[in-house]
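**Student:** generate coordinates for the sequence data below:
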Amino acid sequence: MPRPLDPASLPAIAKALKLFKASSFITGGFLLLLMLTWGLRRLENVTLGAFTGFELWAFGPNGVITLEPYVNEGQGLPETGLNLTVGILVVHGWLYVLYLFADFRMWTFMRWSFSRFLFIAAGGIVPFLSFYTERRYAKIASEQMRAAGWGGAN
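**Tutor:** Numbers count the residues shown, from 1 in each chain. Purely as a prediction, here's the structure:
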């Protein structure tokens, strides 16, 4: 049985729920993009040798967005342009921090168990899990809020 919510905190919970929903989708989307770029990095380029892969590159010498082969980590990449693979890694990392913050806010407001906090936190590092946790726990939070007397839109 969930612990009762403080009716005075319901507007803050509604804002936390919106942040949680948005950060779940954005972080999950960037995680899928990260998995795609990770797969590209592991593709073997038989023309260059055994331990090779591709980096997603923007505004380099070969076009606006290209797959640039490399022989070893970082060798053979263009001197100009932006490495989108690294950019996606960095953006996902910061979005995961936002996702953890949103998870923490929901956890503290909703008075959920620590294991639930950890499971939701795993959504930012396990592909597709953030979409599941958003759907399931946003529904649970909305039900608890309605039970506490919240009539506002979520």
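
**Student:** just list the residues touching Tyr137, thanks.
**Tutor:** Going by C-beta atoms under 8 Å, 6 or more residues apart in numbering, Tyr137 touches 20, 106, 116, 120. In short, each C-beta sits where N, CA and C put it, glycine included.

**Student:** tell me the mean pLDDT over the helix or strand Arg105 falls within?
**Tutor:** Here Arg105 sits within helix 84-110, counting by DSSP states H and E. Mean pLDDT, computed over helix 84-110, is 94.

**Student:** I'd like the next helix or strand past that helix.
**Tutor:** helix 114-121.

**Student:** show me which residues of the helix holding Arg105 are buried.
**Tutor:** 84-85, 88, 91-92, 95-96, 99-100, 102-103, 105-107, 109-110 (16 or more other C-beta atoms under 10 Å).

**Student:** dump the contacts of Tyr137 into TSV; add distance to Pro11 as well.
**Tutor:** Converted to TSV, these look like this (distance: C-beta to C-beta, whole Å):
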residue	distance to Pro11
Phe20	15
Met106	14
Arg116	23
Ile120	22
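
**Student:** can you name the two of those that are farthest apart?
**Tutor:** Spatial extent of those (C-beta to C-beta) is set by the pair Phe20 and Arg116 at 12.6 Å.

**Student:** these two: who's more crowded?
**Tutor:** Phe20 (27 against 16; other C-beta atoms under 10 Å).

**Student:** give me every residue that touches the more buried one.
**Tutor:** 102-103, 105-106, 134, 137-138, 141.

**Student:** got those residues as a markdown table, with distance to Trp150 columns?
**Tutor:** Output for these, formatted as a markdown table (distance: C-beta to C-beta, whole Å):
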| residue | distance to Trp150 |
| --- | --- |
| Ala102 | 18 |
| Asp103 | 20 |
| Arg105 | 16 |
| Met106 | 14 |
| Glu134 | 19 |
| Tyr137 | 16 |
| Ala138 | 13 |
| Ala141 | 10 |
